[in-house]
Every structure is written in C-alpha cells, then in structure tokens.
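J.: predicted model and sequence below, questions to follow.
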Amino acid sequence: MVEQPLVLLSDSDMHPLSVFLSKINQGEIGIAFAVATIYMIPTLLVFQYGEEYLVEGITYQGGMKG
C-alpha cells in the first residue's frame, strides 16, 4: 500500500515507512536496511507474543472437518 498514503497525505513528513522504503535510492542501501529492520520489529513482537494462540487456533481448526 504505497499509493494510498501518497494520495491522502500531502505532508511528506507524515508518510509511513513503507513509502520511505520505496523512495530510497540505490546508493543508500544501509539506510534501507536499517529502516526495513525497524519496520519489521513490531510485526515480529506481535508474532512472538501471539505464537501460542496462532498454533492453538490452527490446531483447533485442523481437528474440525466440515
């Protein structure tokens, strides 16, 4: 979803990291790596916290055949 923030937000300081990642030039690979790492941290924390619930849900659904 890169296009939606570009259309809805006129101030470039308010753009999310996904838009920033798409605008990084080839010479700034280190910055791109740092931003991508920061961008993944919340998702990894949510997965780590909810992994047992995810496995439990998959196990529960696997036992129910329609």
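T.: Structure received.

J.: now stretch 16-32: buried residues?
T.: V19, F20, A32 (16 or more other C-beta atoms under 10 Å). Bear in mind the C-beta positions are built from the backbone N, C-alpha and C, glycine included.

J.: make JSON lines out of those residues and add distance to I41 and secondary structure.
T.: Shown next, in JSON lines, are those (distance: C-beta to C-beta, whole Å; DSSP: H, G, I helix; E, B strand; the rest coil):
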{"residue": "V19", "distance to I41": "18", "secondary structure": "helix"}
{"residue": "F20", "distance to I41": "15", "secondary structure": "helix"}
{"residue": "A32", "distance to I41": "15", "secondary structure": "helix"}
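
J.: quick check: which ranges of the protein have low pLDDT?
T.: For the chain, the stretches with pLDDT under 70 are 1-2, 6, 62-66.

J.: now the helices: where do they sit in it?
T.: 3-8, 17-23, 29-62 (DSSP state H).

J.: go ahead and confirm I24 touches V35.
T.: Yes - using C-beta atoms under 8 Å, I24 is in contact with V35, at 7.4 Å.

J.: shared neighbours of the two, anything?
T.: The contact sets of I24 and V35 do not overlap (C-beta atoms under 8 Å, 6 or more residues apart in numbering).

J.: okay, the buried residues of stretch 16-32 in CSV with distance to D11 next?
T.: Shown next, in CSV, are the buried residues of stretch 16-32 (distance: C-beta to C-beta, whole Å):
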residue, distance to D11
V19, 12
F20, 13
A32, 22
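
J.: of the residues you listed, just say which sits nearest to Q4.
T.: V19 (9.3 Å; C-beta to C-beta).

J.: hang on, isn't the closest one packed against P5?
T.: Yes - between V19 and P5 a contact is recorded at 5.2 Å, counting by C-beta under 8 Å.

J.: hang on, the earlier thing: highest mean neighbour count out of the helices of the chain?
T.: Across the helices of the chain, averaging neighbours per residue (mean count of other C-beta atoms under 10 Å) puts helix 17-23 on top, at a mean of 14.
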